[in-house]
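Peer 1: show me the folded form of this:
(2 chains)
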Amino acid sequence: NAGVTQTPKFRILKIGQSMTLQCAQDMNHNYMYWYRQDPGMGLKLIYYSVGAGITDKGEVPNGYNVSRSTTEDFPLRLELAAPSQTSVYFCASSYPADGRDEQFFGPGTRLTVL
Amino acid sequence: QKEVEQNSGPLSVPEGAIASLNCTYSDRGSQSFFWYRQYSGKSPELIMFIYSNGDKEDGRFTAQLNKASQYVSLLIRDSQPSDSATYLCAATSGGSYIPTFGRGTSLIVHP
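Peer 2: Here you go, the predicted model:
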């Protein structure tokens, strides 16, 4: 199993540009999450999904959009990038029905908006 | 609003000592508690989880939960320089499974 994969690893955007951060998992997990982590800070939840076709906002959703058309994929879309979106983005998945709701994290995408 | 509080540190301990990391949570409905370790530039990885009051031991790690005091801690015995990392505490509420993370405590183990 590859676990949770994310692409790209690094990206520099100009203000106003758009991009999609890709996330995929091969563990058949129903829950998937997007977090951002700023330096010295914890994880802030952007969006989450409890299954294909179902998404919901987290703590900091403004400026982002998500979709979940399959169990495996959960892309995060940034529209009109702003410097405040400079951060490290982590995708995670979990399978609460398994009796353990621990999160499995991808390696992260480091995004800089200039 | 659900909150998980941690002292950001850094907590500095000598090699071989016991490191004690603490976490408090605001939601009395929280049922599952997790400790993740995050090395600089890497993603978090789970090291301990605890659901019931009391202690849970796994190798050099012991998680302690006191639901009455809304307090969870992580003890690392015989600390090693390789334990130097940020430790994130997280809690989930029954039926939600959406975790709330603390800001993390930076641990430095010096030789």
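Peer 1: A helix includes A:P107, no?
Peer 2: No - counting by DSSP: H, G, I helix; E, B strand; the rest coil, A:P107 is located in no helix; its state is coil.
Peer 1: dump the residue contacts of it.
Peer 2: Residues in contact with A:P107 (C-beta atoms under 8 Å, 6 or more residues apart in numbering or on different chains) are A:T5, A:Q6, A:K9, B:K42, B:S43. Every C-beta, even on glycine, is put in place using the N, C-alpha and C of the backbone.
Peer 1: quick one: the fourth one and chain A, what's the gap?
Peer 2: What that stands for is B:K42. B:K42 sits 8 Å away from chain A when distances are taken as C-beta to the nearest C-beta, to the nearest Å.
Peer 1: helix, strand or coil: sort out that residue for me.
Peer 2: In terms of secondary structure, B:K42 is coil; the call rests on three-state DSSP.
Peer 1: just the buried residues from the contacts of A:P107, in PyMOL please.
Peer 2: Selection command for PyMOL covering only the buried members of the contacts of A:P107, criterion 16 or more other C-beta atoms under 10 Å in any protein chain shown:
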select buried, (chain A and resi 6) or (chain B and resi 43)
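Peer 1: widest-spaced pair of the contacts of A:P107?
Peer 2: When C-beta to C-beta is used, the two most widely separated members of those are A:T5 and B:K42, lying 14.9 Å apart.
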